[in-house]
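Asker: need a structure here:
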Amino acid sequence: MGDAIDLTGDGGVLKTIIKQAKPDALTPTENLPLVDVHYEGTLAETGGVFDTTHEDNTVFSFELGKGTVIKAWDIALKTMKVGEVAKITCKPDYAYGAAGSPPDIPADATLVFEVELVACRPRKGSSISSVSDERARLEELKKQREMAAATKEEEKKRREEAKAAAAARVQAKLDAKKGQGKGKGKGK
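Answerer: Coordinates of the predicted model:
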């Protein structure tokens with residue numbers, strides 16, 4: 001087991017990695033916000049289990065960042081990789097606070113969860129391929145905008161060069177006219 005990592009800077013959410021994930025494992029992202037977890041929640045004070053998915057071997061699924069779970073989970077799960085198992089210690093401000101969650105969780109309780117990130121997935125209606133298709137589409141739009149900007153810049157440069165060339169021709173004609181009216185050999 002590793003050292004506890006303070007995820008909030010105030011000791012409110014501490015994460016200790018129990019089992020490392022593979023280095024190339026997926027991590028929840030904006031494109032993969034739906035997570036599936038196995039967990040067991042205990043009260044820090046008594047060690048009593050108040051909730052678990054292990055008894056019936058189910059997974060708990062939710063979308064990160066939507067406020068559907070306690071703050072500590074939104075914070076901690078974003079730092080995990082699929083296959084990782086971690087102990088998450090949550091101070092009351094990042095759990096159920098002064099209200100608790102009767103009858104199982106008393107007021108101002110510090111909670112300890114052992115959480116395994118089983119999977120992370122895209123939102124319903126999108127898939128990993130549609131997410132990557134969207135990323136490719138946005139990349140293509142970016143290239144098109146860059147090409148349009150480069151074409152515009154080239155056209156501007158050509159206009160400036162044409163303008164400069166026209167100005168030089170006008171100046172050359174003016175200089176030539178000035179030169180015709182002078183000297184002794186005029187018109188013989």
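Asker: all strands of the protein, in order?
Answerer: All strands of the chain, identified by DSSP state E, fall at 5-6, 13-19, 34-43, 49-52, 60-63, 85-90, 111-121.
Asker: In the chain, where's the longest helix?
Answerer: In the chain, with assignment by DSSP state H, the single longest helix is helix 128-180.
Asker: Spit out the contact partners of residue 110.
Answerer: Shown in contact with residue 110 (CB atoms under 8 Å, 6 or more residues apart in numbering): 43, 44, 45, 89, 90, 91, 92, 95. From N, CA and C alone the C-beta is placed, and that goes for glycine too.
Asker: Now, of those, which are buried?
Answerer: Among the contacts of residue 110, those scoring as buried are 43, 89, 90, 91, 92, 95 (criterion: 16 or more other CB atoms under 10 Å).
Asker: Nearest to residue 139, out of those residues: which one, please.
Answerer: Lowest distance from residue 139 to the buried ones among the contacts of residue 110 (CB to CB) belongs to residue 90, with 39.2 Å.
Asker: In a markdown table, list the strands of the chain along with mean pLDDT.
Answerer: Listed next are the strands of the chain as a markdown table, based on pLDDT from 0 to 100:
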| stretch | mean pLDDT |
| --- | --- |
| strand 5-6 | 96 |
| strand 13-19 | 96 |
| strand 34-43 | 94 |
| strand 49-52 | 94 |
| strand 60-63 | 92 |
| strand 85-90 | 97 |
| strand 111-121 | 94 |
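Asker: Including distance to residue 172, could those go into CSV?
Answerer: Formatted as CSV, the strands of the chain follow (distance: least, CB to CB, whole Å):
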stretch, distance to residue 172
strand 5-6, 75
strand 13-19, 77
strand 34-43, 72
strand 49-52, 89
strand 60-63, 72
strand 85-90, 79
strand 111-121, 71
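Asker: can you give me how far the longest helix of the chain is from the chain middle?
Answerer: Distance, stretch centre to chain centre, for helix 128-180: 35 Å (CA atoms, centre = their mean, to the nearest Å).
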